[in-house]
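J.: The sequence and its predicted three-dimensional model are supplied below.
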Amino acid sequence: MNSFEFFTPTKVIFGRGSIENIREEAKKLGKKGLVVTDKGMMKCGLAEKVITYLEKENVDFLVWSEIVPNPRDVDIEKGAAYAMEQNIDYLIAVGGGSSMDTAKAMGALMTNGGKCENWYEGNLEQPIAPLICIPTTCGTGSEVTHESIVNNTKTLEKDCIWGPMVNVRVAILDSEMLDYLPGKILSSTGMDALTHAVEAYVCKAASPLTDAIAKKAIEMIGKNIREAVQQHTPEALDEMMAASTMAGMAFGNSDVACVHSISEALGGLYDIAHGVANAMMLAPVSRFSVKGAPEKYAKVAECLGVDVQGKSTLEAANAGIDVMQKLADEFQIPHFHELEVVNPRDFDRLAETAANADETEDNPIVMTKEDFIELFKKLYENKEI
């Protein structure tokens, strides 16, 4: 067995209605807080639920709602400057991955100074400002990971502020925050969580601890994602919320792989939503990678409910990948060739970005730049992988 580390310092509070814990948790972190969210969260009332609890406790706080999907360095730096001008002690992120990643990066600049580009090497000198995360999707797992993904507006690529200093103090997982989430968003973020769990399990950086968590997350997602998307039952939403965090905990201590190499390249250049890009690429990249870890992909299939009796390891593995693609199609995730923004002239650039991504080295089969270009060409021409 290879040596490994497992690091999970975040306090997790789980349960429907657990959002009310924000009152006590906020008061522990300082005198003045900043709710970091986006206009959509404000408009739909989810941020208001948090704000109402804070107001009832007479907590001193302000709201920063200038969040955009695929958070950009310039916006993060603007938010951090505002927080420091207002003498903010701690942050409360309400939203999906964009809100949480923005808050993490803002917290890094609040305590370490400088700009985002100064801290892309895992070189933070001080822990980020105290942060409470309240996810409103069941996808990113950012509430328990040790990184913040940042869109670099100079390179149009995604960079990352990462390391043991990038830790959330408290994650409040209340599936009531998913009750009115549109099925389209719930499905793409749920597929995002599935991608996290699958890649954490099959990648070369996996360990027995991450394997155990990732397999359980895959099983929970496989059993509940349809019911959560189609019926929004409290039980299914609970399972999806927990599975998303478990998947985040798994890949945060293992790694992701080439699905993310591609999705981050697409997000950086085309601003494609991360969950959609992951859902779109999960089956095709898995099909390419399956021979590098057939036993693990076969176990993924089993976790997804595939009857593997009488199947060879490779047959079982591919049957599991078929389930991944079927889910993406059921949820109307677009195929690569259906994206209007994709231009074949960009394949070389996208492939180079993906090949240079750190997680590419942990894919079951390490993909070269040429492999990525060939994959893009086949997907663009709608050919079998």
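T.: Yes, it's here.
J.: Just confirm Val50 is within a helix.
T.: Yes: assigned with DSSP: H, G, I helix; E, B strand; the rest coil, Val50 falls within a helix.
J.: which residues sit in contact with it?
T.: 19, 22, 35, 92, 94, 134 (C-beta atoms under 8 Å, 6 or more residues apart in numbering). Heads up, the C-betas are built off the backbone N, CA and C, glycines and all.
J.: quick one: which two of those are the most distant?
T.: Ile19 and Val35 (12.7 Å; C-beta to C-beta).
J.: sorry, back to before: which one of the contacts of Val50 sits closest to Asn58?
T.: Looking across the contacts of Val50 and measuring by C-beta to C-beta, the closest to Asn58 is Ile22, at 13.4 Å.
J.: Just the element for that closest one, please.
T.: helix 22-27 (DSSP states H and E).
J.: which other helices and strands contact that helix?
T.: helix 46-56, strand 90-95, strand 131-135, strand 170-173 (3 or more C-beta pairs under 8 Å, 6 or more residues apart in numbering; DSSP states H and E).
J.: will you turn these into CSV that also has mean pLDDT and distance to His335?
T.: Formatted as CSV, those follow (pLDDT from 0 to 100; distance: least, C-beta to C-beta, whole Å):
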stretch, mean pLDDT, distance to His335
helix 46-56, 94, 31
strand 90-95, 97, 28
strand 131-135, 98, 28
strand 170-173, 98, 32
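J.: in the lowest-mean-pLDDT helix or strand in the chain, what's buried?
T.: Every helix and strand in the chain was compared by mean pLDDT, DSSP states H and E; the lowest is helix 39-44, with a mean of 90. Neighbour counts using 16 or more other C-beta atoms under 10 Å place 40-42 of helix 39-44 among the buried residues.
J.: pull the CA atoms of that helix into PDB?
T.: Only the C-alpha atoms of helix 39-44 are listed here, as PDB (Å, rounded to 0.1, in the frame of the first residue of the first chain):
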ATOM      1  CA  LYS A  39     -27.600  37.900  -7.400                       C
ATOM      2  CA  GLY A  40     -29.500  34.700  -8.100                       C
ATOM      3  CA  MET A  41     -29.300  33.600  -4.400                       C
ATOM      4  CA  MET A  42     -30.600  37.000  -3.400                       C
ATOM      5  CA  LYS A  43     -33.400  36.900  -5.900                       C
ATOM      6  CA  CYS A  44     -34.700  33.400  -5.100                       C
END
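J.: Off-centre distance for it?
T.: Centroid displacement of helix 39-44 relative to its chain, using C-alpha atoms, centre = their mean, to the nearest Å, is 20 Å.
J.: who's in contact with it?
T.: Applying C-beta under 8 Å, 6+ apart, the set of residues contacting helix 39-44 is 47-48, 63, 65, 67, 94-95, 99, 136, 180.
J.: And those residues, which of them are buried?
T.: So, by 16+ other C-beta under 10 Å, the buried ones in the contacts of helix 39-44 are 47, 63, 65, 67, 94-95, 99, 136.
J.: Could you chop this protein up by domain?
T.: 11-178, 183-380 (automatic domain parsing).
J.: now do the same end-to-end measure for the first one.
T.: Right, domain 11-178. 21 Å (C-alpha to C-alpha, to the nearest Å).
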